[in-house]
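In: kindly generate the corresponding structure for this input.
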Amino acid sequence: MDTDEFWAVIAAARADIGPDRPFHKALGERLTGLGVPAILAFQERYEHLHRELERWDVWAAGYLIGGGCSDDGFIDFRAGLIALGRDWYERAAADPDGLADHPAVADLESLWGEEPFFYEEVGYAASRAYVRLLGEDADLHRDLAPARTERGPDMGEDFDFDDDAEMRRRLPRLAALLLEPVAG
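Out: Now for the predicted structure:
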């Protein structure tokens, strides 16, 4: 599955969202309808795009938006960026500070616990579709393992997320929205 096809599946699932149908369920249903080969191809592309966001600057954005971001939280944050669709994914990949433009960032307090940025369930949508088609013994990750050769990207320069001055320097727009103002 190429990148355009992957994002077409994401866009179609986003279009299927409803009051009783969250994105991860719509995605799982769409993948189930595409069949086993497409699920495998989708998961390979998902993992590639997920790895591309494995950088310190992206993690720092998640740290600011989430008020902290553990290793598992960072996995969920990257899944959430994919779930937001191609435009927000590409914006975050190019410049994580650009997430300051996302409407939910300005309204994080009212979204507490429901923000769209940390979306663990998205990471399981393909696996669950795979099991629906092949049965409980099916293991998407085991079946993909022989094809996995890609290494993660260079994460860039590590820095201290608890250093407000450093966060303001590296992610000035997010920091302006999410950190306490500097006493002056």
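
In: how about His50, nearest residue that isn't a chain neighbour?
Out: Spatial nearest neighbour of His50, excluding adjacent residues (Cβ to Cβ, 6 or more residues apart in numbering): Arg78 at 5.1 Å. For every residue, glycine as well, the C-beta is placed using N, CA and C.

In: and that neighbour, what does it touch?
Out: Taking Cβ atoms under 8 Å, 6 or more residues apart in numbering, we find Arg78 in contact with 50, 53-54, 58, 62.

In: Arg132 reaches Thr32, doesn't it?
Out: Yes - contact status for Arg132 versus Thr32: in contact at 5.2 Å, counting by Cβ atoms under 8 Å.

In: higher neighbour count, those two?
Out: Regarding Arg132 and Thr32, a neighbour count based on other Cβ atoms under 10 Å identifies Thr32 as having more, with 19 against 15.

In: where's the nearest residue to that one once chain neighbours are set aside, which helix or strand?
Out: In space, not counting the residues next to it along the chain, Thr32 is nearest to Ala129; the distance is 4.4 Å by Cβ to Cβ, 6+ apart. With the criterion set as DSSP states H and E, the secondary-structure element containing Ala129 is helix 125-134.

In: pLDDT on stretch 171-181, on average?
Out: Averaging pLDDT along stretch 171-181 gives 93.

In: tell me the buried residues in it?
Out: Of the residues in stretch 171-181, those scored as buried under the neighbour-count criterion (16 or more other Cβ atoms under 10 Å) are 171, 173-175, 178.

In: still on that earlier bit, quick one: which of the contacts of Arg78 is nearest Gly68?
Out: Nearest to Gly68 among the contacts of Arg78 is Gly62, at 9.0 Å by Cβ to Cβ.

In: check the secondary structure at the closest one for me.
Out: State at Gly62, reduced to three classes by DSSP: H, G, I helix; E, B strand; the rest coil: helix.

In: isn't it up against Phe77?
Out: Yes - contact criterion Cβ under 8 Å: Gly62 and Phe77 qualify, at 3.7 Å.

In: tell me, what's touching the two both at once?
Out: If you check Gly62 and Phe77 against Cβ under 8 Å, 6+ apart, the residues they both contact are 69, 117-118.

In: including distance to Pro96, neighbour count and pLDDT, could the residues you listed go into TSV?
Out: TSV is the format used below for the shared contacts of Gly62 and Phe77 (distance: Cβ to Cβ, whole Å; neighbours: other Cβ atoms under 10 Å; pLDDT from 0 to 100):
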residue	distance to Pro96	neighbour count	pLDDT
Cys69	12	22	94
Phe117	11	26	90
Phe118	15	22	92
